[in-house]
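[1] give the three-dimensional model of this entry:
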Amino acid sequence: MLKHPTIDQLQALGLHGMAKAFAELVGTDEARQLPHPDWLALLLDRETSLRRDKRLTTRLRAAKLRHQASVEDVDYRTVRGLDRALFLKLAAGDWIDAHDNLALVGPAGVGKSWLACAIGQKACRDNRYVLYHRWPKLWDDLALARGDGRHPRIMKALARADLLILDDFGLKPLDAGARNDLLEILEDRYGRRSTIITSQLPIQAWHENIGDPTYADAILDRLIHNAHRIELSGESMRRARAKSQKTSLTNSQGE
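    Next comes the predicted model:
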């Protein structure tokens, strides 16, 4: 069958979703039975879906989330103190619109990073600009960037994100450069953007980890006073899965 000239026109206009839908529909029994308004509605729906999917792909690529996580796949059965109602409320994203923050704390292996990435993925789906960084690596990158001229550009990108995820905060005490960078990041974002910070340290230990009392007061004032909190507990889920797999293997070998 010859290519319909309408398809070329749609492609030329950049309406690729409509062009694909038109190519699939033209000449079919379904198309002949559709009134013109329904035809147009179907083509527009396909174009909208294609553009939405492209935007999501772009945002996820830019976010560089550590885990391929989604709020629909959260495990609420594991005992770790995760309040389902609270998490689903946070996943809805109203707190991001209000430019609040979120502190996700708990021992290693209870899923803090995964949960942060799930919220980040949902924010991308809601057409928000998200950035994920492990704080220890970002700390090192910013230190190097001071010497090669990239520092202002990185700081500008961090300030611009609708949601910034700083993962693994508090693994080691901050030095002077890290304190200054963290304060500047939070100052640029305070009241304008939202930040998720995950940490193995309880929040009450963050002041000591930051070090300098003046900086610590300023950082925590911008980070914590408007922060929602998820405080997890329990055994490492990685360790629990390893035990379960070992038990299953032992049982299967004994059969």
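
[2] spatially central residue for this protein, please.
    Closest residue to the average C-alpha location of the chain: Gly120 at 1.7 Å, with Cα atoms, centre = their mean.

[3] strands along the stretch 51-200 of the chain, start to end?
    Listed in chain order, the strands of the stretch 51-200 of the chain (DSSP state E, counting those that start in this stretch) span residues 101-105, 130-134, 163-169, 194-199.

[4] roughly how far apart are Leu90 and Pro107?
    20 Å (Cβ to Cβ, to the nearest Å). C-beta here means a position set from N, CA and C on the backbone, and glycine is covered the same way.

[5] more crowded one of the two?
    Set Leu90 next to Pro107 and count neighbours by other Cβ atoms under 10 Å: Leu90 wins out with 22 against 14.

[6] that one is in contact with Ala227, isn't it?
    No. If you go by Cβ atoms under 8 Å, Leu90 and Ala227 don't touch, sitting 11.2 Å apart.

[7] anything in contact with each of the two?
    Contact with both Leu90 and Ala227 is made by residues Leu102, according to Cβ atoms under 8 Å, 6 or more residues apart in numbering.

[8] helix, strand, or coil at Gly14?
    Secondary structure state of Gly14, per DSSP: H, G, I helix; E, B strand; the rest coil, is coil.

[9] for Asp8, see how far away it is.
    Look at Gly14 and Asp8: by Cβ to Cβ, they are 12 Å apart.

[10] same check on Ser199?
    56 Å.

[11] between the two, tell me which one has more neighbours.
    Regarding Ser199 and Asp8, a neighbour count based on other Cβ under 10 Å identifies Ser199 as having more, with 21 against 11.
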